[in-house]
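**Q** When you get a sec, could you give me coordinates for this:
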Amino acid sequence: MLEAYVAGFLDADGSVSLAKSRADSDWLRRPDVTFYNADIGILEKIQERWGGKIHARTYKNENWNTSYEMRLNATQSLQLLKDVVPYMLHGKKRKRAELIVEHYEKNTPRNGKYTPEQIEKKKWLAEEVMGMTMRGEGAY
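**A** Have a look, this model is predicted:
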């Protein structure tokens, strides 16, 4: 089952966040899923199912392997999270994914016109998701 494999891959070599849609807005954010790996074949398999763009990351040190970064756009990220969240094991990443899946769409109007209540809910979601520390003290 690809979903379970990708959930484990995301737990280990990926990130789940809400990326800023505009530089001047802390609350106007969109789902963002990124994978990092040196094996492009794994990333291509994920890309076949959910889309996304793969970029090579080369290094000046010739002894280092080329690594790859794969980023999915907002719609692709949201669909991937819906599909894999039941299989995720990483506590904080799973919680981030669950919050995004549960609250993002219902607080994001398709016409882009936000009510004051929707803005407050988007601010709350951004604070909850991005406030979860993934590194340092309290990360796990």
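**Q** Please verify my assumption that Lys95 contacts Thr133.
**A** No. If you go by CB atoms under 8 Å, Lys95 and Thr133 don't touch, sitting 11.7 Å apart. The C-beta positions use only the backbone N, C-alpha and C, and glycine is treated the same way.
**Q** who has more neighbours, the two?
**A** Shown here are Lys95 and Thr133; by other CB atoms under 10 Å, Lys95 has more neighbours (16 against 11).
**Q** Is it correct that that one falls within a strand?
**A** No. Under DSSP: H, G, I helix; E, B strand; the rest coil, Lys95 falls outside any strand and is assigned helix.
**Q** In contact with it, which residues?
**A** Met132 (CB atoms under 8 Å, 6 or more residues apart in numbering).
**Q** Of all the residues in the lengthiest strand in the chain, which ones are buried?
**A** For the chain, the longest strand by residue count, based on DSSP state E, is strand 29-37. Neighbour counts over strand 29-37 (16 or more other CB atoms under 10 Å) mark 29-35, 37 as buried.
**Q** any chance you could map the strands in this protein?
**A** 14-20, 29-37, 53-57, 67-72.
**Q** and the first one, average pLDDT?
**A** Put plainly, it is strand 14-20. For strand 14-20, mean pLDDT rounds to 94.
**Q** Note down every partner strand of it and its orientation.
**A** strand 29-37 (antiparallel) (DSSP bridges).
**Q** picking that back up, quick check: the farthest pair among the buried residues of strand 29-37?
**A** The largest separation in these, counting by CB to CB, is between Arg29 and Asn37 at 24.9 Å.
**Q** Buried ones in stretch 70-89, by neighbour count?
**A** Judged by neighbour count (16+ other CB under 10 Å), stretch 70-89 contains these buried residues: 70-72, 74, 76-81, 83-85, 87-88.
**Q** what does that stretch rub up against?
**A** When contacts are defined by CB under 8 Å, 6+ apart, stretch 70-89 is touched by residues 3-4, 6-8, 10-11, 16, 30-37, 43, 46-47, 50-55, 94, 97-98, 100-101, 104-105.
**Q** switch the cut-off to 7 Å
**A** 3-4, 6-7, 10-11, 16, 30-35, 43, 46-47, 50-54, 94, 97-98, 100-101, 104 (CB atoms under 7 Å, 6 or more residues apart in numbering).
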